[in-house]
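Chemist: Pasting the sequence and the predicted model now:
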Amino acid sequence: MNRLTFLCSLTLLFGCQLMAQTTLNSFEKHEEVSSVILNKPLFEIMAKVGLDTSNSKDLKFISAIDNIDSIRVFATSDEDISVALRASVDDYVHQNSFTLTHNRSGRQFFKKYDKENKNVNELLMFSEETNRTKFFWKNKRFNAVFVQLSGTNITMENVSALVERLDLPKELLFSNN
């Protein structure tokens with residue numbers, strides 16, 4: 001009986017985590033959601049092509065991408081999808097033990113630390129009612145923007161370099177350290 005209880009508990013634990021991640025993944029291919037997903041191999045190519053190592057901004061960007069494994073950005077103008085995205089983000093944050101670090105004016109920032117509670121391994125930003133009218137090369141206002149940075153030792157210096165170079169939402173810069 002104990003073995004069955006253990007297996008059921010394990011299934012529920014991992015099933016909830018996978019469900020939250022799958023829910024967020026479902027926004028990637030939705031017609032009403034603009035999305036950008038960048039992974040480590042693409043960062044490595046970006047570091048080799050078109051960056052000037054004598055330029056301080058490019059050096060900061062190269063340093064930042066060394067610590068970042070992936071970036072996911074979702075933006076939508078659809079109110080119903082904004083509500084669904086908000087619910088998915090809330091579930092993901094709750095199920096993965098994130099710390100709320102900043103909550104102001106419809107913007108929330110969450111951090112997830114490593115096992116020693118020293119380094120940030122994941123940073124989430126969810127912003128509602130953004131003032132941004134041009135994003136992903138589209139001229140329109142977005143009701144909700146979600147940004148997820150995953151990696152090791154993510155610092156606000158990393159975030160600043162990424163925001164500037166990749167034209168991510170400037171609201172990411174309002175987070176606390």
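Modeler: Right, received. Where do you want to start? Please read these numbers as outputs of a predicted model, since none were measured by experiment. Residues are numbered from 1 along each chain as shown.
Chemist: hey, let's count contacts and neighbours off CA atoms from now on
Modeler: OK.
Chemist: So residue 85 versus residue 145, what's the distance?
Modeler: Here the distance between residue 85 and residue 145 works out to 9 Å (C-alpha to C-alpha, to the nearest Å).
Chemist: Same drill for these two, tell me which one is more crowded.
Modeler: For residue 85 versus residue 145, neighbours defined as other C-alpha atoms under 10 Å are more numerous around residue 145 (27 against 24).
Chemist: bridging residues for the more buried one?
Modeler: With DSSP bridges as the criterion, residue 145 is bridged to residue 75, residue 127.
Chemist: so it makes contact with residue 78?
Modeler: No. Using C-alpha atoms under 8 Å as the test, residue 145 is too far from residue 78 to be in contact (11.3 Å).
Chemist: Strands of this protein, start to end?
Modeler: With DSSP state E as the criterion, the chain has strands at 33-39, 68-76, 99-104, 107-113, 120-128, 134-135, 138-139, 144-151.
Chemist: any chance of those in TSV, with distance to residue 23 and mean pLDDT too?
Modeler: Putting these into TSV (distance: least, C-alpha to C-alpha, whole Å; pLDDT from 0 to 100) gives the following:
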stretch	distance to residue 23	mean pLDDT
strand 33-39	14	86
strand 68-76	13	89
strand 99-104	20	84
strand 107-113	18	89
strand 120-128	15	89
strand 134-135	23	59
strand 138-139	25	63
strand 144-151	13	90
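Chemist: quick one, what contacts the residue nearest the centre of the chain?
Modeler: For the chain, the residue nearest the mean C-alpha position is residue 148 (0.5 Å; C-alpha atoms, centre = their mean). Residue 148 is in contact with 70, 71, 72, 73, 122, 123, 124, 125, counting by C-alpha atoms under 8 Å, 6 or more residues apart in numbering.
Chemist: And those, which of them are buried?
Modeler: Neighbour-count burial (16 or more other C-alpha atoms under 10 Å) applied to the contacts of residue 148 gives 70, 71, 72, 73, 122, 123, 124, 125.
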